[in-house]
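Participant: Got a predicted model here, sequence first, then my questions.
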Amino acid sequence: MIEIRGLTKRYGPTTAVDDLSFRVEPGRVTGFLGPNGSGKSTTMRVALGLDRATAGEALLDGTPYRDLRYPLRTVGALLDARWVHPNRSARAHLRWIAASNALPAGRVDTVLEQVGLTAVADRRAGAFSLGMSQRLGIAAALLGDPGTLLFDEPVNGLDPEGVRWIRRLVQGLAAEGRTVLVSSHLLSEMAVAASHLVVIGRGRLIAESTTAEFIDSAADDTVLVRTPQPVLLAEALRRAGASIVPVDGDDLGLSVTGATPEKIGEVAAARGLVLHGLTPQHASLENAFLRLTGHDVEYVSGGPDQAAAVPAAGR
Amino acid sequence: MGPITAERIKLTSTRAPWWSAAAALLTTTGAGLLLAATVATTEPVTVAATQSARVVGTTVLMVLAVLAVTTEYATGTIGTTFLAVPDRAAALRAKAVVVAVLAGLVGLAGALGSWAASALLLPGGDLALTGPDEWRQVAGVRLVDAGAAVVAVAIGVLVRRTAGAVTLVLVWPAVGESLIGLVPVVGPAVGPLLPFQAADRFLADAPAGGGLLGSPWLAGVWFALFTAILFAIAVRVARHRDL
């Protein structure tokens, strides 16, 4: 369980995290979403005692990180896969981390096996590819068999196979009852991997809900329409209250928002217009995310209330 | 115990510290023998004369100690260290202890090496380790090198950048303090308090000058105290700093 309570972090005049509160529950993967510079990494660094909070607190199983005696037994974290000495072997890297928390030396071999690095364990970490470095970082996070895990951008720069591997891993860890927080700006990935989302922008909370609820509440469903009479249909639909965007590369296509397929069909029938296609487009996490964070960016001097409000109007 | 074991594994699992330690040992022994041999052409060699080159070894060991810290800041492993041991005082104390023990062992080996090489190759000198003063001059090197390593760890924590911290440990003990001693009025006033000059007096043949810190043992105590104060400042700074 991770609890962030009224967390604020300022670096000089810059406010990186602004009165942020949320909870991450065990037994599920929680995605931590936000554009670059929105405060995800800062929140994790403060939660893990690396940076000091300006105000508020972060609790891990009810305890601030700096008060944990052997923290790796409670919390595992991957913040930056490059935090290794390039001339030290992967095995030696894990050995010193294990020793620091009085973990049995056998755990090193166990986690090396778990992340698939056994064969290269004695090679120097500086020769590792990014994917191998990420696996080493995850091995370090798993060393203490912790109940809480934080991964900062774990799929960054990975090939599709690596991305799938991480997804299965975090879902497996959550299924074992662990608390798992995964930050990412790869939103499509989060839609698949995370069942719950904490979305932030400019250091403030934008949404905290299940992934499905987030998409439903924040995005308009659009319908893709094909017709040989696009100009007439567009005018008729606009009069019926829908908004229309032409489809790139298709003169006969219209992207319609604010009207259900049924409504579009009725409008077309009433005007005697021909339809060639009527395809509902499910709202994507990307759209929802861009709408919400874009809204947040607009309110440069806005307070937290405005930022937290889901916009009713469109872009 | 965990943090100390971790620091020991860190220090021994890359090659650079081994090379530095070997360099410290060889330069101290070789230069010590060379300087003692020069003395031997005009007068009988004393125990203190065999240790004339110890500042070379001390400097190399301080560079080793600085790198043990600044490499962590350069590679980012300091983040991993503070994640594993969030009590930064404990993490840095463990590093200081491990580096100081290594520097002390290498320092002692270098001191004994210089002395033994001179005793074997330079006949006619009075090199028997007869009394506490002779033992202080040889074995004391171990204590000074351990203390100097802790000073270097503290500098590494405070400066963080390798270039700046290495420059500081190269200049300060060997040149910096002598220059301060030459400044009119200020020099004579603070001279006895300069830590590495105090370390030199601790290892010297005979007390140079009088005063409270004229005694080698008092000078040694002051050097140890200075080391502790600088380290405490470094820990305090690290605890209140972001990462």
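Facilitator: Cool, got the structure.

Participant: Would you list the phi and psi of residue A:247?
Facilitator: Main-chain torsions, residue A:247, degrees, to the nearest 10: phi -90, psi 130.

Participant: Please list all residues in contact with residue 239.
Facilitator: Because you didn't say which chain, this covers chain A. Listed by C-beta atoms under 8 Å, 6 or more residues apart in numbering or on different chains, the contact set of residue A:239 is empty. C-beta here means a position set from N, CA and C on the backbone, and glycine is covered the same way.

Participant: look at chain B instead
Facilitator: B:88-89.

Participant: same thing but at 10 Å, please
Facilitator: A:52, A:66, B:87-89, B:92 (C-beta atoms under 10 Å, 6 or more residues apart in numbering or on different chains).

Participant: do the same with residue B:234
Facilitator: Contact analysis of residue B:234 by C-beta under 10 Å, 6+ apart lists B:69, B:88, B:92, B:96, B:150-151, B:153-159.

Participant: hmm, 8 Å instead?
Facilitator: Contacts of residue B:234 (C-beta under 8 Å, 6+ apart): B:92, B:153-155, B:157-158.

Participant: Report all helices and strands that the lowest-mean-pLDDT helix or strand in chain B contacts.
Facilitator: Lowest mean confidence among the helices and strands of chain B (mean pLDDT, DSSP states H and E): helix B:186-190, at a mean of 79. Contact here means 3 or more C-beta pairs under 8 Å, 6 or more residues apart in numbering or on different chains; DSSP states H and E; on that basis helix B:186-190 packs against helix B:177-182.

Participant: what about the helix it packs on, average pLDDT?
Facilitator: Average pLDDT, helix B:177-182: 82.

Participant: Dump it to PDB, restricted to CA.
Facilitator: Extracted in PDB, the C-alpha atoms of helix B:177-182 (Å, rounded to 0.1, in the frame of the first residue of the first chain):
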ATOM      1  CA  GLU B 177      48.600  24.000   3.600                       C
ATOM      2  CA  SER B 178      52.200  25.000   3.000                       C
ATOM      3  CA  LEU B 179      51.000  28.000   1.000                       C
ATOM      4  CA  ILE B 180      48.600  29.000   3.800                       C
ATOM      5  CA  GLY B 181      51.600  28.700   6.200                       C
ATOM      6  CA  LEU B 182      53.500  31.300   4.200                       C
END
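
Participant: got the buried residues for it?
Facilitator: residue B:177 (16 or more other C-beta atoms under 10 Å in any protein chain shown).

Participant: For that helix, give me every contacting residue.
Facilitator: Residues contacting helix B:177-182 (C-beta under 8 Å, 6+ apart): B:186-188, B:190-191, B:194-197.

Participant: just the buried members of those residues?
Facilitator: Judged by 16+ other C-beta under 10 Å, buried ones among the contacts of helix B:177-182: B:191, B:194-197.

Participant: Quick check: residues of chain B near chain A?
Facilitator: By C-beta under 8 Å from any C-beta of the partner chain, the part of chain B that sits against chain A consists of B:1-3, B:5-7, B:9-10, B:13-16, B:71, B:75-77, B:79-87, B:240, B:242-243.

Participant: Pipe the buried ones among the contacts of helix B:177-182 into JSON lines and attach pLDDT per row.
Facilitator: Shown next, in JSON lines, are these (pLDDT from 0 to 100):
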{"residue": "B:191", "pLDDT": "77"}
{"residue": "B:194", "pLDDT": "86"}
{"residue": "B:195", "pLDDT": "88"}
{"residue": "B:196", "pLDDT": "89"}
{"residue": "B:197", "pLDDT": "85"}
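
Participant: just these now: which is nearest residue B:220?
Facilitator: Among those, residue B:195 lies closest to residue B:220 (C-beta to C-beta), at 10.8 Å.

Participant: What's the mean pLDDT across stretch B:14-29?
Facilitator: 90.

Participant: Mind exporting the C-alpha coordinates of it to CSV?
Facilitator: Below are the C-alpha coordinates for stretch B:14-29, written out as CSV (Å, rounded to 0.1, in the frame of the first residue of the first chain):
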residue,chain,number,x,y,z
THR,B,14,35.8,-3.1,-9.7
ARG,B,15,39.4,-3.0,-10.7
ALA,B,16,40.2,0.7,-10.1
PRO,B,17,40.6,0.5,-6.3
TRP,B,18,43.0,-2.5,-6.7
TRP,B,19,45.2,-0.5,-9.1
SER,B,20,45.1,2.5,-6.9
ALA,B,21,46.1,0.5,-3.8
ALA,B,22,48.9,-1.2,-5.7
ALA,B,23,50.1,2.2,-7.0
ALA,B,24,50.0,3.7,-3.5
LEU,B,25,52.0,0.7,-2.2
LEU,B,26,54.7,0.8,-4.9
THR,B,27,55.2,4.5,-5.0
THR,B,28,55.5,4.8,-1.2
THR,B,29,58.0,1.9,-1.0
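
Participant: For it, give me every contacting residue.
Facilitator: By C-beta under 8 Å, 6+ apart, the surrounding residues in contact with stretch B:14-29 are A:85, A:87-88, B:11-12, B:53-54, B:56-57, B:60-61, B:63-64, B:67-68, B:71, B:102, B:106-107, B:109-111, B:113-114, B:117.

Participant: Any chance of the backbone angles for residue B:62?
Facilitator: As for residue B:62, its main-chain torsions (degrees, to the nearest 10) stand at phi -70, psi -40.

Participant: where are the low-confidence patches of chain A?
Facilitator: Low-confidence segments of chain A (pLDDT under 70): A:218-220, A:282-315.

Participant: need the residues of chain A near chain B, please.
Facilitator: Contact residues (C-beta under 8 Å from any C-beta) of chain A with chain B: A:11, A:45, A:48-52, A:65-66, A:68, A:70-72, A:77, A:79-80, A:82-89, A:92, A:95-97, A:99-102, A:140.

Participant: among those residues, which are in strands?
Facilitator: Counted as lying in strands by DSSP state E, out of the residues of chain A next to chain B, are A:11, A:77.

Participant: Quick one: buried ones out of the residues of chain A next to chain B?
Facilitator: A:45, A:48-51, A:65, A:68, A:71-72, A:77, A:79-80, A:82-85, A:87-89, A:92, A:95-97, A:99-102, A:140.

Participant: now the nearest residue to residue A:76 once chain neighbours are set aside: how far from residue A:83?
Facilitator: Using C-beta to C-beta, 6 or more residues apart in numbering or on different chains and skipping the chain neighbours, the partner closest in space to residue A:76 is residue A:141 (3.4 Å). Applying C-beta to C-beta, to the nearest Å, the value for residue A:141 to residue A:83 is 11 Å.

Participant: quick one: residue B:122 and residue B:37 touch, right?
Facilitator: Yes - counting by C-beta atoms under 8 Å, residue B:37 is a contact partner of residue B:122 at 6.1 Å.

Participant: more neighbours, those two?
Facilitator: Neighbour count, other C-beta atoms under 10 Å in any protein chain shown: between residue B:122 and residue B:37, residue B:122 has more, with 19 against 16.

Participant: Tabulate the CA atom coordinates of the helix or strand hosting residue A:56 in CSV.
Facilitator: Assessed by DSSP states H and E, residue A:56 sits inside strand A:55-60. Only the C-alpha atoms of strand A:55-60 are listed here, as CSV (Å, rounded to 0.1, in the frame of the first residue of the first chain):
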residue,chain,number,x,y,z
ALA,A,55,5.2,19.6,2.5
GLY,A,56,3.0,16.5,3.0
GLU,A,57,4.2,12.9,3.3
ALA,A,58,4.4,9.6,1.5
LEU,A,59,3.8,6.4,3.4
LEU,A,60,4.7,2.8,2.4
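
Participant: May I have the strand or helix carrying residue A:278 as CSV, with CA atoms only?
Facilitator: Using DSSP H and E, residue A:278 sits within strand A:277-281. Output in CSV follows, covering the C-alpha atoms of strand A:277-281 (Å, rounded to 0.1, in the frame of the first residue of the first chain):
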residue,chain,number,x,y,z
GLY,A,277,-20.2,3.0,-43.6
LEU,A,278,-20.9,3.7,-40.0
THR,A,279,-18.1,2.6,-37.6
PRO,A,280,-18.0,3.4,-33.9
GLN,A,281,-14.5,4.4,-32.7
